[in-house]
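>>> here are the coordinates; sequence isn't available:
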């Protein structure tokens, strides 16, 4: 079972497509970045790269996310989105071609991204010389090995 506002948009886009239906737009340090039908190429590209970088940084720092926290988040999603009706929840997953494991992993990744943002900002809020969330992302992007899947993406990256 390994592995915020803008990133949440991409997370929501991923919940509607199976892995086979997602187009890989880039690789970041070997991990794929996907584009889905529900976001623009640019949104998916930048948010997807940041998502992959933050997940990789979480693992590189050997941080952990307790399974019980993710379980609680999934239960809360079922309670809030499906009024606790597990049958409706599973029917929705099936209609979206998503397994419970994929749903669980998506929530785990979303939680990790939130933790990385909050942790970075919280630890350095009183010291502007220390890395903020935005500085962390820039540093991660600068060090990343990004393999673009098309010339359009390479140009977009050069422009950004």
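Structure's in. What do you need? Owing to the predicted nature of the structure, the values given are computational and were not obtained by experimental measurement.

>>> Mind telling me what element the nearest residue to residue 69 once chain neighbours are set aside is part of?
Once flanking residues are discounted, residue 69 sits nearest to residue 111: 6.8 Å by Cβ to Cβ, 6 or more residues apart in numbering. (Glycine included, C-beta is placed from N, CA and C.) Element membership for residue 111, per DSSP states H and E: helix 100-123.

>>> What is the three-state secondary structure of residue 32?
Assigned by DSSP: H, G, I helix; E, B strand; the rest coil, the conformation of residue 32 is strand.

>>> I'd guessed it sits against residue 49; true?
No. The pair residue 32 / residue 49 is not scored as a contact, 10.7 Å apart, by Cβ atoms under 8 Å.

>>> ok, the two, which is more surrounded?
When neighbours are counted by other Cβ atoms under 10 Å, residue 32 and residue 49 differ, and residue 49 comes out ahead with 22 against 16.

>>> Quick one: residues contacting that one.
When the contact criterion is Cβ atoms under 8 Å, 6 or more residues apart in numbering, the partners of residue 49 are 26, 28, 33, 141, 144, 146.

>>> shared neighbours of residue 32 and residue 49, which are they?
Taking Cβ under 8 Å, 6+ apart as the criterion, residue 32 and residue 49 both touch residue 26.

>>> could you pull out the helices for this protein?
Secondary structure of the chain, counting by DSSP state H: helices at 5-14, 41-60, 67-82, 86-95, 100-123, 133-143, 151-159.

>>> Could you say which of those is packed most deeply?
For those, the largest average neighbour count (mean count of other Cβ atoms under 10 Å) is found in helix 41-60, namely a mean of 20.

>>> Just want the angle from that helix to helix 100-123.
When axes from the mean of the first three to the mean of the last three Cα atoms, to 10 degrees is applied, the directions of helix 41-60 and helix 100-123 differ by 80 degrees.

>>> what's the spacing between helix 41-60 and its chain's center?
6 Å (Cα atoms, centre = their mean, to the nearest Å).

>>> got it, and stretch 72-89?
With Cα atoms, centre = their mean as the basis, the mean position of stretch 72-89 lies at 21 Å from the chain mean.

>>> Repeat that for stretch 65-77.
Using Cα atoms, centre = their mean, the mean C-alpha position of stretch 65-77 is found 16 Å from that of the whole chain.

>>> who touches that stretch?
Outside of stretch 65-77, the residues that reach it under the criterion Cβ under 8 Å, 6+ apart are 1, 58, 103-104, 107-108, 111-112, 115.

>>> switch the cut-off to 7 Å
Under the contact criterion Cβ atoms under 7 Å, 6 or more residues apart in numbering, stretch 65-77 has outside partners 1, 103-104, 107-108, 111-112.
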